[in-house]
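>>> what follows is a predicted structure for the sequence shown.
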Amino acid sequence: MKWMLFGPETYIFLVAFFFLILSMWRGPHSEKDHVLALALSGLGVVISLACLGAEGLLFAGAYRLDLFSQVFKVALSFGLFLIVCLCANVEEIKRRYRLEFYFFLFVCTLAMMLLVSAQHLLTILLALELSSYSLYILVTLRRDEDMGLEAGIKYFLTGIFASSIMIFGMALLYGATGAVYLQDLAQVLPEVMGTPAAVIGLLLTFGGFFFKLAVYPFHFWVADTYQGAPDQVTAYIATASKVAVIAVVIKLIAAVDQNSTYLIHVLAVLSIASMTLGNLAAMVQKDMKRLLAYSTIAHSGYVLIGILSGGTAGYASAVFYALALLVMKFTVFLVVVVLSPRGKNLEREELAGLHGRSPLLALALMVSIFSLAGIPPTIGFMGKFYVFMGAMDKGLFVLVLIAMINVVVSLYYYLLIIKAAYLGHSWETPPAVHLPQPMRWLTGALIATMMVAGFYPTPLIRLSEAVARSLM
């Protein structure tokens, strides 16, 4: 009966295997394949919700099921479903690669589900590498082969370098503690935390996860990869991928933060550097995907504030922020995907007149940008407020002050986007944007979610606190 606990992972694996067989059996049929992928990903959300209350240990304790892991699996399934919703007309990916595109999307989601439940260092490593190599391939599938290959190669080279650092760090940790399970590390680390091997091993291990989270100084891949990847792949990296990495970083920090003041100081420095660098670099960007890439770096810094605050409140604020990022970033990318001319990268100036071409898209862009900027009453404001309150409770006033200054700085480039959409004018009259009815419903639902969660965040806060307590 314990195999029933493995329901979401088993289902996603079977769907991925189905698309693999389908890609070898027949050629792609874009519309049929999209409808099939949409239905299967939607069923995946239902199955993940059905398994939300599952608890237990599998595979000799290397795999743990609890509220923490199951909530993030629901978020990953939902993120996959949202990305597939954007794939009705994937012009950026060659027709012959469409089935493989869905195959790698489901494989990557499976790997990230394994990642959030993994309790063994080798299991964590294998899951992270499986998700990484799937993303490397997805980035290179762009129709513009030069841009896609360049982005994919840069992503791959920096990725394997980060993985090498992480593996070396895990080896040092094992040598210093003799433990490979997270619960064993939490017990042994206090005794050896003063040794160089343990401290260096811990920091190097986190290096691999900071690379995926786009934390300074592991951020060099982000802008080029976001710009060179297909829009749907960029959206997946910015949403579902980040949610999974935030989950595993929370889980790892929870096991060791009470034992390591060194790690907390390092996280504070990286948080400040990420927020500052991300916001300053985003101010001069014209390409929307590059701008969102540097925005991602800044938001990684905000997430680290919640994580390093520790305790139920700190981890709950990080969980809340991760779920908020999933909705906010996806909404922005929905607008980018719809407006991108035949897969061409969207410039900020091309948003000119959006309020006249599509009032609904303009409203979605405005609400999501305001949410990312932390303007009330949106889910992004509540996320930042929750994170900052948790840090203030821990006495991290200076860190919160620096973060608030960065929030003010970020308003500059966020408001430039709103200005382009509502006040910008184009020399040529751009065509009106036609949104299919299902896309209108999805856009409206996302707007409502960001606003309702801003006005009434209590249910999501209670869920985040329950998730944090299950981790503790």
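Thanks, I have the structure now. Everything numeric in this text was worked out from a predicted model, so none of it was measured.

>>> what sits against the closest residue to Gly152 other than its chain neighbours?
Spatial nearest neighbour of Gly152, chain neighbours left out: Thr140 (3.5 Å); criterion: CB to CB, 6 or more residues apart in numbering. For every residue, glycine as well, the C-beta is placed using N, CA and C. Counting by CB atoms under 8 Å, 6 or more residues apart in numbering, Thr140 makes contact with Gly148, Leu149, Ala151, Gly152, Ile153.

>>> Leu57 belongs to a strand?
Yes - applying DSSP: H, G, I helix; E, B strand; the rest coil, one finds Leu57 inside a strand.

>>> so the closest residue to it other than its chain neighbours, which of the three states?
Among residues not flanking Leu57 along the chain, Arg64 sits closest, at 5.7 Å (CB to CB, 6+ apart). With three-state DSSP as the basis, the three-state label of Arg64 is strand.

>>> do I have it right that Arg64 meets His120?
No - Arg64 sits out of contact with His120 when judged by CB atoms under 8 Å, with a separation of 9.7 Å.

>>> show me which of the two is the more surrounded one.
Shown here are Arg64 and His120; by other CB atoms under 10 Å, Arg64 has more neighbours (21 against 18).

>>> ok, the more buried one to Pro230 distance?
Counting by CB to CB, to the nearest Å, the gap from Arg64 to Pro230 is 34 Å.

>>> for Ser163, same thing?
23 Å.

>>> with Leu141 instead?
Leu141 is 6 Å from Pro230, by CB to CB.

>>> those two: which has the busier surroundings?
Between Leu141 and Pro230, counted using other CB under 10 Å, Pro230 has the larger neighbour count: 27 against 23.

>>> pLDDT value on the more buried one, please?
Note for Pro230: predicted pLDDT of 86.

>>> phi first, then psi, for it.
phi -60, psi 150 (degrees, to the nearest 10).

>>> same check on Glu347?
Main-chain torsions, Glu347, degrees, to the nearest 10: phi -90, psi 150.

>>> and for Glu55?
Torsion angles at Glu55 (phi, psi; degrees, to the nearest 10) stand at phi -140, psi 140.

>>> tell me the pLDDT of it.
The model's pLDDT for Glu55 equals 83.

>>> where in the protein is pLDDT low?
Within the chain, the segments meeting pLDDT under 70 span 1-4, 27-30, 144-146, 257-260, 341, 343, 426-430.

>>> find the centremost residue of it, please.
Lys242 (2.0 Å; CA atoms, centre = their mean).

>>> which non-adjacent residue is nearest it?
Using CB to CB, 6+ apart, the nearest residue to Lys242 is Leu325, at 6.3 Å.

>>> tally of neighbours for that neighbour?
For Leu325, using other CB under 10 Å, the count is 25.

>>> my read: it touches Val245, true?
No - between Leu325 and Val245 there is no contact under CB under 8 Å: 11.2 Å.

>>> helices along the stretch 151-300 of the chain, start to end?
182-192, 196-213, 222-228, 231-236, 242-256, 261-282, 288-309 (DSSP state H, counting those that start in this stretch).

>>> now the third one, how far from the centre of its chain.
The reference is to helix 222-228. A distance of 15 Å separates the centroid of the chain from that of helix 222-228, by CA atoms, centre = their mean, to the nearest Å.

>>> give me the buried positions along stretch 273-287.
Neighbour counts over stretch 273-287 (16 or more other CB atoms under 10 Å) mark Ala273, Ser274, Met275, Thr276, Leu277, Gly278, Asn279, Leu280, Ala281, Ala282, Gln285 as buried.

>>> tell me how far the fifth one lies from Lys384.
Separation of Leu277 from Lys384 (CB to CB) stands at 18 Å.

>>> tell me, how many residues neighbour Asp184?
16.

>>> next, count neighbours for the nearest residue to Leu280 once chain neighbours are set aside.
Computed as CB to CB, 6+ apart, the closest residue to Leu280 that is not its neighbour in sequence is Val409, at 7.1 Å. The number of residues packed near Val409 is 17, by other CB under 10 Å.

>>> quick check: the gap between Val409 and Glu100.
Applying CB to CB to Val409 and Glu100 gives a distance of 41 Å.

>>> equivalent analysis for Val319, please.
Taken as CB to CB, the span from Val319 to Glu100 is 33 Å.

>>> among those two, which residue is more densely surrounded?
Between Val319 and Glu100, counted using other CB under 10 Å, Val319 has the larger neighbour count: 31 against 20.

>>> where's the more buried one, which helix or strand?
helix 311-339 (DSSP states H and E).

>>> the inter-axis angle of that helix versus helix 288-309?
Interaxial angle, helix 311-339 versus helix 288-309 (axes from the mean of the first three to the mean of the last three CA atoms, to 10 degrees): 170 degrees.

>>> ok and helix 311-339 relative to helix 242-256, angle-wise?
Going by the same axes, to 10 degrees, helix 311-339 makes 170 degrees with helix 242-256.

>>> ok, then the element right after helix 311-339?
Past helix 311-339, the next helix or strand by DSSP H and E is helix 354-357.

>>> can you list contacts of that next one?
Here helix 354-357 makes contact (CB under 8 Å, 6+ apart) with Val335, Leu339, Leu361, Ala362, Leu365, Ala420, Ala421, Tyr422, Pro430, Pro431, Ala432, Val433.

>>> pick the one among these closest to Ile83.
Closest approach to Ile83 among the contacts of helix 354-357 (CB to CB): Val335, at 14.6 Å.
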